[in-house]
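>>> Curious how this folds, go ahead:
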Amino acid sequence: MEDVPAVTDDLGDGATPDRPDPLKDVPLVDLPDVPMRPPCPPYTPPARIEPCPGRSDCGLPTHGRVDVTGATGPLTNYQVRVELPPAVRTAIGPACDRLVFRTMSSEWAPHWVADCAMGVVWVRVPAIGAGTTVLAMHYGGTAAVPAAQSYDDTFDRVPLQAANLLAAYTFDEGTGSRTCPSGGLLAPPFDAFIHETQYDLPQTEVAQKPPLWSTEAPTSLLSPANPTGRFTRGQHSLHFPRHAVLPAAGVTTPNRLVNWQSPDGRPFNTATRQLTLGIWVFAASPANAFGDNFQTVVCQGMPDLATRMATMPGAMVVDNSIFNPWAIFFRSDNVDDTYFQGNSCVAPCTHVDSYAHITTREPLTSAQFAGKWHFMAITVDTTTVPHATRRSFYDDRSYSFPADLDLFPENVYCPMGPRMCRWPPEAPIQYYPAPVVLGADMNDGEPQLGLEGKVDDFFVINRAASPEEIRAYRERRQYSPMTIVTAVTP
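I've put the predicted structure just below:
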């Protein structure tokens, strides 16, 4: 008789035949009636445009090479950093536009010049193997080949090749009220809402529907002053504008009503032991610009009291409506200061002791924060000992508990001394049946504390990414633990 393979859980939530999946029988939250829509089509990435068809060297007269080494296994479409020697920097001209890279089979290897004066170039190599991979480098002459340099073709909007990717979104539809995933096998669409009403339905809280889309894009953190360092081809982002509300609406957080919701909590709620979230945010105003202390970027929602009580019979869940399973948001008690916060709540998530904030240490002034794009991420790993590891990432800064943040002060949690601590439970992230919400904080079933700004390129991974991996994603690169180096021969 043929052996039967062991039962495993593809979604990585830790369920086994001996320990059933605790999420299996969790009911789904009831959402307002919305029009039926067809499923999302498969994602098709934008096609790359060959810079000079039929001419491998693009008419450039000088031929050198780049050796790529350090790989111990295969890498595909991997970005490498190349430093051009002075002779090459001189030959490619003051605009660095007389340069093209090819594989040994003449396949185009797109590049982007991050720093022309210093000769810093990023090249997307179609395939890297163990040992040495050689690229042909054609350069010089007097004729420019501007199409060979392309930020769009060199970098990745979201980490589609990341292990355990649950969902990724580039928000490039630019029209309509639905956005579909760019990656993640079971990733759902998001539909636009105005407060609690689906965007396409008649509205009672606004006289005119606010716009949903923007064409703005974040600037590359590899070279923020370089105007070419941003995505432009088909680029769109979600727009969350300040918008007037009808006086009779009576909403709790007026002027910020646009939010986008997934159908329910799946598959995001399968990330129970480890989690990574990453997102780009344009903050149009400080956190407390509306006098309610918060603006929310993205959260896994909390349903109404009846749903929470049905999910956890016998548990005291009356006061936990704000304890989202996870969220990324801004907070401030002052007019001008803003703190970035990421949070998570572990089972049973019925008390503040189960709810963890990882926040930036210093307040960010409006000049530092508002009117700019920022990369934000959080990671949670409940499997580390002696207690969970939680990190927040804000642009090029990171904050870690317990290494960097006194999240649970010893005078509170260690009354008998530092070796007698009662740390919060090292339990899985607690999920209640509710959707993921972009641009608002779903508390007690209601979208509140919305965002004024824009959002782009969102991803969720069922794994705790390392700080080095997060750095690669904020720089729009693929990540590999291997140390890949390059050497140029003019």
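
>>> Do a quick rundown of the helices in this structure.
Secondary structure of the chain (DSSP state H): helices located at 86-91, 151-154, 305-311, 366-369, 410-413, 467-474.

>>> Pick the most buried one from the ones you listed.
helix 151-154 (a mean of 21; mean count of other CB atoms under 10 Å). Where you see a C-beta, it was placed from the backbone N, CA and C, and this is true even at glycine.

>>> looking at this protein, which helix or strand does the model trust least?
When each helix and strand of the chain is scored by mean pLDDT, DSSP states H and E, helix 410-413 comes last, with a mean of 55.

>>> thinking again about what came up before, rank the helices of the chain by mean pLDDT and give me the bottom one.
Of all the helices of the chain, the minimum mean pLDDT falls on helix 410-413 (a mean of 55).

>>> Check what pLDDT the nearest residue to residue 269 once chain neighbours are set aside gets.
Counting by CB to CB, 6 or more residues apart in numbering, residue 269 lies nearest to residue 431, which is 4.0 Å off, once chain neighbours are set aside. Residue 431 is assigned 92 on the pLDDT scale.

>>> can you check the one 4 residues further on too?
The per-residue pLDDT reported for residue 435 equals 97.

>>> which stretch among the helices of the chain comes nearest residue 323?
Residue 323 lies closest to helix 305-311 among those, at 10.0 Å (CB to CB).

>>> Dump the closest one to CSV, restricted to CA.
Extracted in CSV, the C-alpha atoms of helix 305-311 (Å, rounded to 0.1, in the frame of the first residue of the first chain):
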residue,chain,number,x,y,z
LEU,A,305,-19.7,43.0,21.3
ALA,A,306,-22.2,40.3,20.4
THR,A,307,-19.8,38.8,17.9
ARG,A,308,-16.9,38.9,20.3
MET,A,309,-18.9,37.2,23.0
ALA,A,310,-20.1,34.5,20.6
THR,A,311,-16.5,33.9,19.6
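
>>> which helices and strands does that helix pack with?
On a contact count with 3 or more CB pairs under 8 Å, 6 or more residues apart in numbering; DSSP states H and E, helix 305-311 meets no helix or strand.

>>> roughly how far out does that helix sit from the chain middle?
30 Å (CA atoms, centre = their mean, to the nearest Å).

>>> Which strand residues bridge the residue nearest to the spatial centre of the chain?
For the chain, residue 278 is the residue whose C-alpha lies nearest the centre (CA atoms, centre = their mean; 2.3 Å). Beta-bridge pairing for residue 278 (DSSP bridges): residue 377, residue 459.

>>> ok, it - contacts?
159, 375, 376, 377, 393, 457, 458, 459, 470, 473, 474 (CB atoms under 8 Å, 6 or more residues apart in numbering).

>>> Low-confidence stretches in the protein?
Applying pLDDT under 70 to the chain flags the ranges 1-36, 248-254, 314-315, 402-425.

>>> Domain-wise, how is it divided?
Split into domains by automatic domain parsing, the chain comes to 62-155+480-489, 165-464.

>>> Any chance of CSV for those domains, columns distance to residue 39?
Shown next, in CSV, are the domains of the chain (distance: least, CB to CB, whole Å):
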stretch, distance to residue 39
domain 62-155+480-489, 27
domain 165-464, 8
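
>>> Can you say which of these is nearest to residue 45?
domain 165-464 (7.7 Å).

>>> what's the first-to-last distance across the closest one?
Start-to-end span of domain 165-464 (CA to CA, to the nearest Å) is 11 Å.

>>> swap in stretch 53-73?
OK, stretch 53-73 end separation, CA to CA: 31 Å.

>>> For that stretch, which residues meet the burial criterion?
Neighbour-count burial for stretch 53-73, with 16 or more other CB atoms under 10 Å as criterion, is recorded at 56, 57, 58, 60, 62, 64, 66, 68, 70, 71.

>>> now swap in stretch 190-209 and tell me
Across stretch 190-209, burial judged by 16+ other CB under 10 Å covers 190-200, 203, 205-206.

>>> do the same with stretch 369-381
Judged by neighbour count using 16+ other CB under 10 Å, the buried positions of stretch 369-381 are 369, 370, 372, 373, 374, 375, 376, 377, 378, 379, 380, 381.

>>> Looking at those residues, which two lie furthest apart in space?
Top of the distance list for those (CB to CB): 370 and 381, 31.9 Å.

>>> check contacts around the residue nearest to residue 326 when sequence neighbours are not counted.
Ranked by CB to CB, 6+ apart and with sequence neighbours excluded, the top spatial neighbour of residue 326 is residue 344, at 4.6 Å. Counting by CB under 8 Å, 6+ apart, residue 344 touches 275, 325, 326, 355, 356, 378, 380, 390, 429.

>>> Residue 301 is in contact with residue 435, isn't it?
Yes: judged on CB atoms under 8 Å, residue 301 makes contact with residue 435 at a distance of 5.4 Å.

>>> okay, how far is it across stretch 264-273, tip to tip?
With CA to CA as the measure, stretch 264-273 spans 20 Å from end to end.

>>> roughly how far out does that stretch sit from the chain middle?
Distance, centroid of stretch 264-273 to centroid of chain: 16 Å (CA atoms, centre = their mean).

>>> picking that back up, redo the buried residues of stretch 190-209 as a markdown table? Include distance to residue 150.
A markdown table is the format used below for these (distance: CB to CB, whole Å):
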| residue | distance to residue 150 |
| --- | --- |
| 190 | 29 |
| 191 | 33 |
| 192 | 31 |
| 193 | 36 |
| 194 | 37 |
| 195 | 41 |
| 196 | 42 |
| 197 | 41 |
| 198 | 38 |
| 199 | 34 |
| 200 | 36 |
| 203 | 41 |
| 205 | 43 |
| 206 | 40 |
